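Peer 1: Output the structure for:
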Amino acid sequence: MYKVLHIEDDEIDRRLVRKALTAAGFEVIEAADGAGGIRQALSARPDLVLLDIELPDMDGYAVALELRGKLNDPEVPIVALSGRDDRRTIDAVGCDGLIAKPVDIETFPGEVRSYLTARAARRRGTAETERLLLAQGQRLAGELRRKIEELEHANQQLLDSEKVRADFYRNLSHELSTPLTPALGYLNMLLNGEIGELTPEQRRAVDSISRGVTRVRAVVENLLDMTALSTGKMAFFARTYDFNQLARRSFGACAGHFRERGIDAALKVAEAQIGGYGDPDRLERAMVQLLENAAKFCKSGGRVQVETRREANGLVFLVFDSGQGIPEQQIEAIFKSFYQVDGSPTREHGGAGLGLALARRIVERFGGEIWAESPPRVGGAPSWARTLVALRVPERMPD
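Peer 2: Next comes the predicted model:
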């Protein structure tokens with residue numbers, strides 16, 4: 001009984017070949033990728049190798065080169081399976097022939113048997129040319145396989161470290177969040193006079209503490225949300241919403257920030273109602289992040305203008321500000337986690353650099369996009385604006 005090694009990543013094709021050859025009296029062994037096929041060929045010692053050219057890890061040409069140099073029997077036929085008629089390359093890498101895909105079940109076993117009974121008739125070039133080609137090709141194929149294995153190992157290490165990082169952030173955020181909840185509760189009770197009246201000096205001190213704790217809590221919530229998004233554990237609950245209403249609510253949530261910093265902020269909504277379908281709570285959270293970013297980088301006396309628009313490719317939320325602008329080389333980087341335009345210890349602006357990264361993750365889950373322009377290039381931008389940060393989502397969030 002002839003033993004045939006079939007190297008093919010497509011499970012349906014493997015099943016088809018297995019059925020046809022087994023019925024014709026062949027023993028079939030299989031591999032789903034190039035590296036696995038090479039290992040099988042060296043250990044199982046097949047009488048013939050059927051090799052798919054389009055493999056996921058290394059193409060069939062590289063596999064053929066390495067097999068031709070490492071097989072114990074140099075006369076073992078290697079037959080390419082491909083939908084492309086690239087016979088010159090197939091011959092050059094040491095294959096004995098080509099069977100076109102998809103295979104014809106009725107004639108396929110006979111084609112395989114013909115290669116087994118005609119080993120001596122294989123086409124070869126000049127002996128010296130073939131020897132040099134194979135030696136060079138085998139070296140390159142071996143190096144490629146080693147690089148692939150190194151990359152697979154490095155990728156696994158990255159995945160492991162990412163899991164450790166996500167677990168660390170989740171645990172840290174939980175440990176920080178737990179004591180903050182009662183702390184904020186008692187601070188509010190003090191400010192509301194529920195446990196005794198405060199002197200003006202005490203009220204100012206408690207109010208300052210409350211603002212600091214609130215700021216820490218916002219950072220912790222961003223950490224929790226970013227971890228949930230990174231690990232795919234954040235739930236989205238889709239329903240209908242009014243895009244303009246979300247803009248009004250997010251603008252109202254940030255109105256205090258604008259007042260504290262002495263910023264003149266204005267909201268311009270498009271029409272009476274812009275309907276959408278998705279998770280309005282998550283989308284509002286993304287809008288708030290854009291507004292808080294504008295409040296942070298716009299100096300006292302500056303201006304912020306917020307607009308909503310319905311466009312052909314989705315619903316748009318735009319935030320213009322008169323702040324310092326963004327250097328062109330840093331525009332894309334501001335959406336990365338923990339990135340700060342000014343990362344020095346003495347930087348003017350606070351925050352952990354998570355707000356815009358969190359907004360991007362949320363918007364991408366909606367099937368939308370988020371971007372920045374400095375200076376703004378969109379039509380209708382205010383003449384005083386130095387920066388635009390905007391998001392666009394489709395009217396319907398993908399399932």
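Peer 1: Flag the shaky bits of the stretch 51-200 of the chain, pLDDT-wise.
Peer 2: Along the stretch 51-200 of the chain, segments meeting pLDDT under 70 span 119-134, 137, 159-177.
Peer 1: pLDDT weak spots in the stretch 251-399 of the chain?
Peer 2: Ranges of the stretch 251-399 of the chain meeting pLDDT under 70: 337-353.
Peer 1: Just the helices from this protein, written as ranges.
Peer 2: Using DSSP state H, the helices found in the chain span residues 11-23, 34-44, 60-70, 87-92, 108-116, 127-191, 200-230, 243-260, 280-297, 355-365.
Peer 1: Give the buried residues for the first one.
Peer 2: Burial within helix 11-23, assessed by neighbour count using 16 or more other C-beta atoms under 10 Å, is assigned to 13-14, 16-18, 20-21. Heads up, the C-betas are built off the backbone N, CA and C, glycines and all.
Peer 1: Now do it, average pLDDT.
Peer 2: Throughout helix 11-23, pLDDT has a mean value of 93.
Peer 1: I figured Gly302 was touching Ser322, is that so?
Peer 2: Yes - using C-beta atoms under 8 Å, Gly302 is in contact with Ser322, at 4.4 Å.
Peer 1: How many residues are close by Gly193?
Peer 2: 10 (other C-beta atoms under 10 Å).
Peer 1: scratch that, Arg215
Peer 2: 12.
Peer 1: One more: Ala255?
Peer 2: 14.
Peer 1: Can you tell me how far the residue nearest to it when sequence neighbours are not counted is from Cys298?
Peer 2: Spatial nearest neighbour of Ala255, excluding adjacent residues (C-beta to C-beta, 6 or more residues apart in numbering): Ala265 at 7.1 Å. In this view, Ala265 and Cys298 are 9 Å apart by C-beta to C-beta, to the nearest Å.
Peer 1: now swap in Gly97 and tell me
Peer 2: 70 Å.
Peer 1: So these two - more neighbours on which side?
Peer 2: Neighbour tally, Gly97 and Cys298, criterion other C-beta under 10 Å: the higher count belongs to Cys298, 25 against 17.
Peer 1: wouldn't the more buried one be in contact with Ile263 here?
Peer 2: Yes - counting by C-beta under 8 Å, Cys298 touches Ile263, with 5.3 Å between them.
Peer 1: Identify the contacts common to the two.
Peer 2: Common neighbours of Cys298 and Ile263, using C-beta atoms under 8 Å, 6 or more residues apart in numbering, are Val304.
Peer 1: Was I right to think Arg309 contacts Val269?
Peer 2: No - with contact defined as C-beta under 8 Å, Arg309 does not reach Val269; the gap is 9.3 Å.
Peer 1: Glu367: neighbour count?
Peer 2: Not Glu; residue 367 is Gly. Neighbours of Gly367 using other C-beta under 10 Å come to 14.
Peer 1: ok, for it, nearest residue in space, not its chain neighbours?
Peer 2: Nearest residue to Gly367, sequence neighbours excluded (C-beta to C-beta, 6+ apart): Pro398, at 4.6 Å.
Peer 1: For Gln193, grab phi and psi.
Peer 2: Careful, residue 193 is Gly and not Gln. phi 70, psi 20 (degrees, to the nearest 10).
Peer 1: correction: Phe26
Peer 2: Dihedral angles for Phe26 - degrees, to the nearest 10 - are phi -90, psi 150.
Peer 1: thinking again about what came up before, can you list residues touching both of Ala265 and Cys298?
Peer 2: Contacts common to Ala265 and Cys298, judged by C-beta under 8 Å, 6+ apart, are Val304.
Peer 1: Would you mind giving the domain segments of the chain?
Peer 2: As given by automatic domain parsing, the domain ranges for the chain are 3-124, 151-230, 239-393.
Peer 1: can you redo the ones you listed as JSON lines with distance to Ala141?
Peer 2: Shown next, in JSON lines, are the domains of the chain (distance: least, C-beta to C-beta, whole Å):
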{"stretch": "domain 3-124", "distance to Ala141": "4"}
{"stretch": "domain 151-230", "distance to Ala141": "16"}
{"stretch": "domain 239-393", "distance to Ala141": "37"}
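Peer 1: right, so of those, which gets closest to Leu140?
Peer 2: domain 3-124 (7.1 Å; C-beta to C-beta).
Peer 1: how much space between the closest residue to Glu284 other than its chain neighbours and Ala390?
Peer 2: Nearest non-adjacent residue to Glu284, counting by C-beta to C-beta, 6+ apart: Leu246, 4.7 Å away. Leu246 is 14 Å from Ala390, where distance means C-beta to C-beta.
Peer 1: cool, Glu221 as well?
Peer 2: 23 Å.
Peer 1: try Gly355
Peer 2: 15 Å.
Peer 1: And those two? Which one has more around it.
Peer 2: Between Gly355 and Ala390, Gly355 has the larger neighbour count (other C-beta under 10 Å), namely 24 against 19.
Peer 1: ok, now which ones touch the closest residue to the more buried one other than its chain neighbours?
Peer 2: In space, and not counting its chain neighbours, Gly355 is closest to Gln289: 4.1 Å by C-beta to C-beta, 6+ apart. Residues in contact with Gln289 (C-beta under 8 Å, 6+ apart) are 355-356, 358-359.
Peer 1: What distance do you get for Gln289 to Ile331?
Peer 2: If you go by C-beta to C-beta, the gap between Gln289 and Ile331 works out to 16 Å.
Peer 1: that older thread, just the buried members of the contacts of Gln289?
Peer 2: For the contacts of Gln289, buried by 16+ other C-beta under 10 Å: 355-356, 358-359.
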